[in-house]
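In: Give the three-dimensional model of this entry:
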Amino acid sequence: MAIRVYLEDVLKERDMTSKELCALVGITEANISILRSGKAKGVRFSTINKICWHLRCDVGDILKFDGNLEVEDDE
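Out: Predicted coordinates:
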């Protein structure tokens, strides 16, 4: 995946569990788990906005581009 997810790192830095973040953001633990694992195919900007607000971080703190182009099979 060309986009790396560092949500777990930011949660640890903030001493917050993913369960606590789910309650604040209003998403399921299953969805946050998919995002944390880097297996999410997409995420709403409104969700990223809420995550960043509650974690007091920037989008670039939780999502980073690894410099590679990922081409999906269906393209």
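In: Only C-alpha atoms from now on, for both contacts and neighbour counts.
Out: OK.
In: so where's the longest helix in the chain?
Out: Assignment by DSSP state H gives helix 45-55 as the longest helix of the chain.
In: Could I get the CA-only coordinates of the helix or strand following that one as CSV?
Out: Proceeding N to C from helix 45-55, the next assigned helix or strand is helix 59-62, under DSSP states H and E. Below are the C-alpha coordinates for helix 59-62, written out as CSV (Å, rounded to 0.1, in the frame of the first residue of the first chain):
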residue,chain,number,x,y,z
VAL,A,59,-3.4,14.3,8.8
GLY,A,60,0.3,13.8,8.0
ASP,A,61,0.8,12.4,11.5
ILE,A,62,-1.5,9.4,10.8
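In: averaged over its residues, what pLDDT does whichever helix or strand comes after helix 59-62 have?
Out: Going down the chain from helix 59-62, the next helix or strand is strand 63-65, by DSSP H and E. Mean pLDDT, computed over strand 63-65, is 95.
In: repeat for stretch 40-57
Out: Mean predicted lDDT for stretch 40-57 stands at 96.
In: Any buried residues in that stretch, and which?
Out: Buried residues in stretch 40-57, counted by 16 or more other CA atoms under 10 Å: 48, 51-52, 55.
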